[in-house]
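Asker: Okay, predicted coordinates and the sequence, questions at the end:
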Amino acid sequence: MSNYLLAIKDLYRQRTKLSDAPRVDPLPLDTTFEAAGVTRATKGTIPFIPDEVAVAILGEALRWVEEHGETIIEAETIRLRARAIGLATGISRQASYYVRRALRQAHLTGPLGTSWMALTPSVTPHATSSKPATSSSRASSGCG
């Protein structure tokens, strides 16, 4: 609904260039979102977070990054490489299979000293893959 109202409002804004545009503002007192009933409440925005809670959350996030930053970067590097190989198969769902497999095989240690992928199910790729990964691509990504 808001997109429809936005289109009408845009036509009005371009009225000097369009001969058949509305000559009167269709929503003079409301934004298009307000007229469509889209508000903070209906959009599901995050309510105000008290300073002491926000500071505690940010402090913990910073501590986590400081203590586990190298592993986070390593996991993201493995994920990006494995995803590229999975996407190269031509089946977009293959990407997540390659990512999970590569991360499982990397044996990364999480914050509690356990494998990050311990709870990740082992999934096999779809049989419809037209382009299986080569052994050289698996070796370069940590897959295989």
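Answerer: Perfect, thanks for sending it.

Asker: which residues in the protein form helices?
Answerer: Secondary structure of the chain (DSSP state H): helices located at 2-13, 32-35, 40-43, 51-88, 94-106, 135-141.

Asker: which other helices and strands contact the fifth one?
Answerer: When contacts are defined as 3 or more C-beta pairs under 8 Å, 6 or more residues apart in numbering; DSSP states H and E, helix 94-106 packs onto helix 51-88. C-betas here are computed from N, CA, C, even on glycine.

Asker: hang on, the earlier thing: how about the helices of the chain, which one is nearest Ser19?
Answerer: helix 2-13 (11.2 Å; C-beta to C-beta).

Asker: Against which helices or strands is that closest one packed?
Answerer: helix 32-35.

Asker: Average pLDDT for the helix it packs on, rounded please.
Answerer: Helix 32-35 comes out with an average pLDDT of 71.

Asker: That helix: which residues count as buried?
Answerer: By 16 or more other C-beta atoms under 10 Å, the buried positions in helix 32-35 come out as 32, 35.

Asker: Any stretches of this structure with poor pLDDT?
Answerer: 1-2, 33, 39-45, 92, 115-144 (pLDDT under 70).

Asker: Centroid-wise, who is the farthest residue in it?
Answerer: Note on the chain: the largest C-alpha distance from the chain mean falls to Ser19, namely 42.2 Å (C-alpha atoms, centre = their mean).

Asker: Could you tell me the phi and psi values at that residue?
Answerer: When read as degrees, to the nearest 10, the backbone of Ser19 gives phi -70, psi -30.
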